[in-house]
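>>> Sharing a model prediction with you, sequence too.
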Amino acid sequence: MTIIEKIFSRKTGGKKVKPGDYIWVDLSLVAMRDFGGPNVIQEYIRAFGDHPVFDKKRVAVTFDLHIPARNEKVAVNQKTLRDFVKQQGVHLFDVNTGIGQHILLENGLVKPWDIVIGTDSHMNLLGAVGAAGFGMGTTDVAGAMYKGRLWFRVPETIKIVVKGNAGEYVTAKDIILYILKRLKTDGALNRAVEFTGDAVERMTLAERITMSSMVTEMSGEVGFFETSAEVLDFIRSRTDEPISGLKADPDAGYEKAYEFVIDDLKPQIACPHSPDNVTEVEKKSGVKVNQVFIGSCTNGRFEDLKAAADILKGRRINKGVRLIIVPATAEVAAQAVEAGLYESFLKSGAVVTNPGCALCTTGHPGILAPGEVMVSTSNRNFIGKLGKGAEVYLASPVTAAATALTGVITPPGEI
Amino acid sequence: MTVKGRVWKFKDDIDTDQIYPGKYLPLTDKNEMAKHAMEGTEIGAEFLKDVKKGDIIVAGKNFGCGSSREHATVAIKGTGVSVVIARSFARIFHRNAVNTGLPIIELKEADEIAQSDILEVNCETGEIKNITQDRAYKGIPLSSLEMDIMKAGGLLEYLKKEELGGL
């Protein structure tokens, strides 16, 4: 069986499942956030009144998008969630914590073999630790919160083999953008993905998160890896519950397999307005940029900030560009402060804001004016998503940092 | 559950912003929401002017991609559209259709169906008769589990009935 088949099989009491089967499974965790969450609460109360949720220890509310509240409507939405949390006794991670999925991981609420649903389409980054994370709509989340179980179609699995050694300045983000270039935005439509091969086996947790989160951009359901020792150590350091790793069976059935060799791969960039509109950074070299964003659920880990800081080290950013850096979580921020990154960012001329999703939607400070151009480390560059008439390029933290130094798109090797 | 109706034909990759533009997200009344179904598509204005109860939406691949907004399925259902047929559906749209009670069928040959064709569709078996073109197809209907949820009136109703021993 593939990884998703194994997880679903265990959750249905060991029944062997196959792609196309429709099943009901028990959920490990139901999450919602400040965006989408208020609608869930509204629907839950309309359908079930003040009926207690299935298990208050397995429901979490995270505030990661419009934080702290920046207008009255958002404030009212956040109060709706806080009131519900108070009444039901579920977990709350308020405006001072950061991006939901990362917070759930840091707080030991997600482990390998888990099935987690939430209101964010990037819940699937939990695949980085061997948990099946699914983004879902309001009704699914409300129903799941009531019963603790939900229906699924067992998806087919696509295998993506990545081999070889990446050169200097070629990161997990460059690899996943390169994969997107070939698979396109519907290349994994409604499929699970397994990343394998020597190049991904070595990947750190942060790199795995970058890869898994962008499975959404291929329309995939969730992207997995065989659990590594680092991942198991990280999860064990966060929870006392017994943890076991997982990997696919050697004879697992895949719908398709793709192979990528990255020995000669150069840094990649996704051009406006699609994450699969990918080319080499050097081919876009010299394009004038107004703003650079380093952060998001895809590239907001400590390792990402550190990689950017290593490029910026002691240099000032270009006068014509604004650099906004946002750590994924408060824990990442604390680590960055301790390592001296904040001091270095501020000296370079960056704006560093509080942990959260930041410039992934128009709700956050830093929105672009028509005609402006941004290089972002986030996962999507859909038209209008960050301001009408603006253009967004997606790249790695090192390419983003190099670009902030020159004010034009710049391959990191040229700094 | 057999339905008969006229086809409204849409392209590939119709996303949720085309099905239900983001600016109407604050609406909560189903009838109001229905007034904006498919509004962002090329033929949105014509569709909204002429759509009749029982009409059928036929589209290409990846119908309903984009955001997780349930307004998309609720608005389509509100127009009286009886079934949506597409070459493929995005996962969240598919789930939302089941959970909010909108029948959908996957059909490999969806491209062969033309605007204004009259179809007769069995939503449970996936059998589709194109009366205009005198052709027949077998699409992939919802699974029996999904059918049960839909017939109960959606996921929340299903869960409540189950709780009360009704299912």
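Cool, the structure landed.
>>> Contacts only, for residue 85.
Since you didn't name a chain, this refers to chain A. Residues touching A:Val85, when contacts are defined by CB atoms under 8 Å, 6 or more residues apart in numbering or on different chains, comprise A:Val61, A:His91, A:Leu92. The C-beta positions use only the backbone N, C-alpha and C, and glycine is treated the same way.
>>> Can you look at chain B instead?
Residues near B:Ile85 by CB under 8 Å, 6+ apart: B:56-59, B:104-107, B:110, B:113, B:119, B:121, B:128, B:139.
>>> interface residues of chain B facing chain A?
Counting by CB under 8 Å from any CB of the partner chain, chain B comes close to chain A at B:13, B:61-62, B:65, B:67-70, B:88-92, B:94-96, B:98-100, B:143-146, B:149, B:154-156, B:159-160, B:162.
>>> Which ones among these lie within helices?
Cross-referencing those with the helices (criterion: DSSP state H) gives B:91-92, B:94-96, B:98-100, B:144-146, B:149, B:155-156, B:159-160, B:162 as the overlap.
>>> Can you tell me which of the contacts of A:Val85 has the largest number of neighbours?
Each of those was scored for neighbours by other CB atoms under 10 Å in any protein chain shown, and A:Val61 scores highest at 25 neighbours.
>>> Excluding chain neighbours, what is closest to the closest residue to chain B within the stretch 301-415 of chain A?
Proximity to chain B, evaluated over the stretch 301-415 of chain A using CB to the nearest CB, is greatest for A:Phe382 at 8.3 Å. Counting by CB to CB, 6 or more residues apart in numbering or on different chains, the nearest residue to A:Phe382 once its immediate chain neighbours are dropped is A:His273, at 6.0 Å.
>>> The one you found contacts A:Arg380, correct?
No. Distance between A:His273 and A:Arg380: 9.5 Å, which falls outside the contact criterion (CB atoms under 8 Å).
>>> who has more neighbours, the two?
Per other CB under 10 Å, whichever of A:His273 and A:Arg380 has more neighbours is A:Arg380, with 23 against 15.
>>> Can you name the residues that contact the spatially closest residue to the more buried one that is not a sequence neighbour?
For A:Arg380, ignoring the flanking residues on the chain, the nearest one in space by CB to CB, 6+ apart is A:Pro275 at 6.0 Å. Applying CB under 8 Å, 6+ apart to A:Pro275 gives the contacts A:Leu177, A:Leu180, A:Thr185, A:Met214, A:Glu217, A:Asn379, A:Arg380, A:Asn381, A:Leu394.
>>> 6 Å instead?
Contacts of A:Pro275 were listed using CB atoms under 6 Å, 6 or more residues apart in numbering or on different chains, and they are A:Leu180, A:Glu217, A:Arg380.
>>> Leaving out the residues flanking it, which one is nearest to A:Ala128?
Of all residues not flanking A:Ala128 in the chain, A:Arg208 sits nearest, at 3.8 Å (CB to CB, 6+ apart).
>>> Name the SS class of the residue nearest to A:Arg380, please.
Assigned with DSSP: H, G, I helix; E, B strand; the rest coil, A:Pro275 falls in the coil class.
>>> circling back: count residues in the vicinity of the residue of the stretch 301-415 of chain A closest to chain B, would you?
17.
>>> Please apply the same query to B:Glu39.
The local packing count at B:Glu39 equals 18, with neighbours defined by other CB under 10 Å.
>>> go on, the one 5 residues further on?
The burial metric for B:Gly44, expressed as a neighbour count using other CB under 10 Å, is 17.
>>> Please state the backbone phi and psi of A:Asp50?
Per-residue torsions, A:Asp50: phi -100, psi 20 (degrees, to the nearest 10).
>>> which residue sits closest to it, ignoring its sequence neighbours?
What sits nearest to A:Asp50 in space, not counting adjacent residues and going by CB to CB, 6+ apart, is A:Gln87, at 6.8 Å.
>>> give me the element the one you found is part of.
In the assignment (DSSP states H and E), A:Gln87 maps to helix A:72-88.
>>> Repeat that for A:Leu323.
strand A:322-325.
>>> and if you look at B:Ile76?
For B:Ile76, the element it lies in under DSSP H and E is helix B:71-78.
>>> send the alpha carbons of that helix over as CSV?
The C-alpha trace of helix B:71-78 is given here as CSV (Å, rounded to 0.1, in the frame of the first residue of the first chain):
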residue,chain,number,x,y,z
HIS,B,71,-21.1,29.5,-2.0
ALA,B,72,-20.1,28.0,-5.4
THR,B,73,-22.2,24.8,-5.0
VAL,B,74,-25.0,26.5,-3.0
ALA,B,75,-25.4,29.3,-5.7
ILE,B,76,-25.5,26.8,-8.6
LYS,B,77,-28.1,24.7,-6.7
GLY,B,78,-30.1,27.8,-6.0
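>>> count of residues packed around A:Ile317?
By other CB under 10 Å, 20 other residues sit near A:Ile317.
>>> Kindly apply the preceding question to A:Val40 instead.
Burial measure for A:Val40: 28 neighbouring residues, criterion other CB under 10 Å.
>>> Secondary structure and pLDDT for the contacts of A:Pro275 - can I get that in JSON lines?
Written out in JSON lines, the entries for the contacts of A:Pro275 read as follows (DSSP: H, G, I helix; E, B strand; the rest coil; pLDDT from 0 to 100):
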{"residue": "A:Leu180", "secondary structure": "helix", "pLDDT": "98"}
{"residue": "A:Glu217", "secondary structure": "helix", "pLDDT": "94"}
{"residue": "A:Arg380", "secondary structure": "coil", "pLDDT": "92"}
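>>> quick check, nearest of these to A:Tyr22?
Minimum separation from A:Tyr22 among the contacts of A:Pro275 (CB to CB) is found for A:Glu217, which lies at 26.4 Å.
>>> which one is the closest one nearest to, not counting chain neighbours?
A:Pro275 is the one closest to A:Glu217 (CB to CB, 6+ apart), at 4.2 Å.
>>> Give me the distance between the one you found and A:Phe302.
Summarising the geometry, the distance separating A:Pro275 from A:Phe302, computed by CB to CB, to the nearest Å, is 24 Å.
>>> need the strands for the stretch 1-150 of chain A, in chain order.
Shown for the stretch 1-150 of chain A, the strands assigned by DSSP state E, counting those that start in this stretch span residues A:22-26, A:29-33, A:59-62, A:91-93, A:115-118, A:132-135, A:149-153.
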